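Asker: Here is the input, now give the coordinates:
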Amino acid sequence: MNSMNNVVLLEMLKKQSNPKRGKYQVILHDDNKTTFDHVVDCLIDVCSHNELQSYQCALIVHNSGKCSIFVDSYDECELVHEYLTKLDLKVTIEKFKK
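Answerer: Sure, this is the predicted structure:
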């Protein structure tokens, strides 16, 4: 096998071994029990939002029922999901849609 075939084969194996490629997003859902201040604090601490950004997201969740709060690789989204779930927020992970 020549080196070009090895590169193509390696790329194919990478794609097969990581089905969670691409960008994903963490969605925060309204649960009608978590306080506005708790949501804001969690978004600042876990997602590195600034205060304005966290308030805007909390307001969108309150009015619309959900909001995308974090976009990154699946692995990073999974970490954020885990932390926010431990902090009693209702979150899901979805494939990022432009």
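
Asker: Report the beta-bridge partner residues of the spatially most central residue of the chain.
Answerer: Nearest to the mean C-alpha position of the chain, by C-alpha atoms, centre = their mean, lies residue 26 at 2.8 Å. Beta-bridge partners for residue 26, by DSSP bridges, are residue 70, residue 93.

Asker: ok, it touching residue 82?
Answerer: No - Residue 26 is not in contact with residue 82 according to C-beta atoms under 8 Å; the separation is 10.2 Å. For every residue, glycine as well, the C-beta is placed using N, CA and C.

Asker: Tell me the secondary structure at residue 34.
Answerer: Residue 34 falls in the coil class when you classify it by DSSP: H, G, I helix; E, B strand; the rest coil.

Asker: With adjacent residues omitted, what lies nearest to residue 53?
Answerer: residue 43 (7.4 Å; C-beta to C-beta, 6 or more residues apart in numbering).

Asker: At which residues are the helices of the chain located?
Answerer: For the chain, the helices defined by DSSP state H occupy 3-17, 36-47, 51-64, 74-86.

Asker: From the contact counts, what lies against the third one?
Answerer: Where contact means 3 or more C-beta pairs under 8 Å, 6 or more residues apart in numbering; DSSP states H and E, helix 51-64 is packed against strand 24-29, helix 36-47, strand 66-72.

Asker: can I get the helices of the chain in TSV with distance to residue 94?
Answerer: Putting the helices of the chain into TSV (distance: least, C-beta to C-beta, whole Å) gives the following:
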stretch	distance to residue 94
helix 3-17	21
helix 36-47	16
helix 51-64	15
helix 74-86	9
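
Asker: most tightly surrounded among those?
Answerer: helix 36-47 (a mean of 18; mean count of other C-beta atoms under 10 Å).

Asker: and that one, what other elements does it pack with?
Answerer: Using 3+ C-beta pairs under 8 Å, 6+ apart: helix 36-47 touches strand 24-29, helix 51-64, strand 66-72, helix 74-86.

Asker: List the contacts of stretch 21-32.
Answerer: 15, 39, 43, 47, 57, 61-62, 65-74, 77, 80-81, 84, 89-96 (C-beta atoms under 8 Å, 6 or more residues apart in numbering).

Asker: No further questions, thank you.
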